[in-house]
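Engineer: no FASTA, just this:
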């Protein structure tokens, strides 16, 4: 039997084209394997082979969603593959969203099996785990070997149209699909067993996990902004020049709180970004492009807002754990409340 | 962070380029911006035009804060 044909999607970084400065790289297709595809091909053995690799910059994909999607689909179609694979993206946010978006689109448009892989906190995971098979990986490329080991066999099964086992067996994220099966014990008995285990404090496994809806309702609108104190918060990593508190360029362990009362405008001399997840050139040139202090000062003078809060809060949202960001904001939100802040503008890159 | 600020009782508007991420994160008031490395600017414009562009976006964010919303709402500029 001939090998199954796979088309692989990767970003500019894994293709070895460049880092953030090349994140606007337009979709390109190359024959054969590039970068991580080599490890996949090895693992596929005689079953499958990567025939082409599509490369696209993460910023380009996310900023030009429709064009990028259409272009990549066209490229994939050329090769008429048995499977389309993207990533793995680990904890790279834009890459994960791109992998999720493009696998979902290829599945819909071309009706071929697809697979991708990423870390569970990657925003792409929540967005697409219900529609495509996403293999759970570690949060950095150090987990590549393990990712290939989980993704390759599942990819082959999907391409062959074989029956897919449970998420635990095949290492993909639960897709919310229920399958009927014959249980040995009836439901009432299983429920009592579970309850007894729970009462004893033993480990038990639910048969129907409740989805984790952590939604917060919107607060009422601000009645009169001209009498309100507005604060700025950013995940774009804007900091005073030279990053005095050494906020990490990714996976931040802290946030900064900085006084802007003396600033009408952020400049190259006074501020920069500590963020390592996007091309910093523009933000370093003029940090107002991420944290609009200049405009808010004008609006303050004109009386459109009552006051721009003395401090802004900042961290780098790049690869930072959800639990950390939550903890940061829980802490500084209390300060914002105590300082009488009426509204917040939060900017993200 | 958006959610924790909202949870603390302060209305918050999220200005970001990748709107689907903002939705996944759970922002209620969302204003789409220009580009990932310069959400509130465009280095291709001259300084005045760029500031005008930024002002338009910030004004949109202020309008969002003044608007009652029921569920996640995107305020297109």
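Structural biologist: All right, it came through fine. Quantities reported herein were computed from a predicted structural model and do not represent experimental measurements. Residues are numbered from 1 along each chain as shown, chains lettered A, B, ... in the order given.

Engineer: in three-state terms, label the closest residue in space to residue B:58 that isn't next to it in sequence for me.
Structural biologist: Leaving aside its sequence neighbours, residue B:58 sits nearest to residue A:295 (CB to CB, 6 or more residues apart in numbering or on different chains; 4.7 Å). Placement of C-beta: from N, CA and C, glycine included. Following DSSP: H, G, I helix; E, B strand; the rest coil, we place residue A:295 in the helix state.

Engineer: do a quick rundown of the helices in the stretch 51-200 of chain A.
Structural biologist: Shown for the stretch 51-200 of chain A, the helices assigned by DSSP state H, counting those that start in this stretch span residues A:58-63, A:65-79, A:93-110, A:123-128, A:144-160, A:167-170, A:187-200.

Engineer: what number of residues lie near the residue nearest to residue B:58?
Structural biologist: By other CB atoms under 10 Å in any protein chain shown, the residues close to residue A:295 number 22.

Engineer: so where's the chain uncertain?
Structural biologist: In the absence of a named chain, chain A is used. A:1, A:210-213 (pLDDT under 70).

Engineer: right idea, wrong chain: chain B
Structural biologist: Counting by pLDDT under 70, chain B shows low-confidence ranges at B:77.

Engineer: show me where it has helices.
Structural biologist: B:2-7, B:19-25, B:47-66 (DSSP state H).

Engineer: most packed of those helices?
Structural biologist: Among those, judged by mean count of other CB atoms under 10 Å in any protein chain shown, the one packed with the most neighbours on average is helix B:2-7 (a mean of 23).

Engineer: so how far is it from its chain's centroid?
Structural biologist: 15 Å (CA atoms, centre = their mean, to the nearest Å).

Engineer: of all the helices of the stretch 51-200 of chain A, which one is nearest residue A:275?
Structural biologist: helix A:93-110 (11.6 Å; CB to CB).

Engineer: in that closest one, what's buried?
Structural biologist: Buried residues in helix A:93-110, defined by neighbour count with 16 or more other CB atoms under 10 Å in any protein chain shown: A:93-107.

Engineer: and it, anywhere near chain B?
Structural biologist: Yes: under the criterion of CB under 8 Å from any CB of the partner chain, chain B is reached by helix A:93-110 at A:93, A:94, A:97.

Engineer: which strands and helices sit next to that helix?
Structural biologist: Applying 3 or more CB pairs under 8 Å, 6 or more residues apart in numbering or on different chains; DSSP states H and E, one finds that helix A:93-110 contacts strand A:4-11, helix A:58-63, helix A:65-79, strand A:83-86, strand A:114-118, helix A:123-128, helix B:19-25.

Engineer: could you measure from the residue nearest to residue A:93 when sequence neighbours are not counted over to residue A:298?
Structural biologist: Of all residues not flanking residue A:93 in the chain, residue A:123 sits nearest, at 5.4 Å (CB to CB, 6+ apart). For residue A:123, the distance to residue A:298 equals 33 Å [CB to CB, to the nearest Å].

Engineer: with residue A:338 instead?
Structural biologist: 27 Å.

Engineer: how about residue A:321?
Structural biologist: To residue A:298, residue A:321 is 36 Å away according to CB to CB.

Engineer: how about the residue in chain B that sits furthest from its center?
Structural biologist: Residue distances from the centre of chain B (CA atoms, centre = their mean) peak at residue B:46, which lies 22.3 Å from the mean C-alpha position.

Engineer: if we can go back for a sec, can you lay out the helices and strands packed on helix A:93-110 as a markdown table showing distance to residue A:235?
Structural biologist: Listed next are the helices and strands packed on helix A:93-110 as a markdown table, based on distance: least, CB to CB, whole Å:
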| stretch | distance to residue A:235 |
| --- | --- |
| strand A:4-11 | 20 |
| helix A:58-63 | 15 |
| helix A:65-79 | 20 |
| strand A:83-86 | 25 |
| strand A:114-118 | 19 |
| helix A:123-128 | 12 |
| helix B:19-25 | 10 |
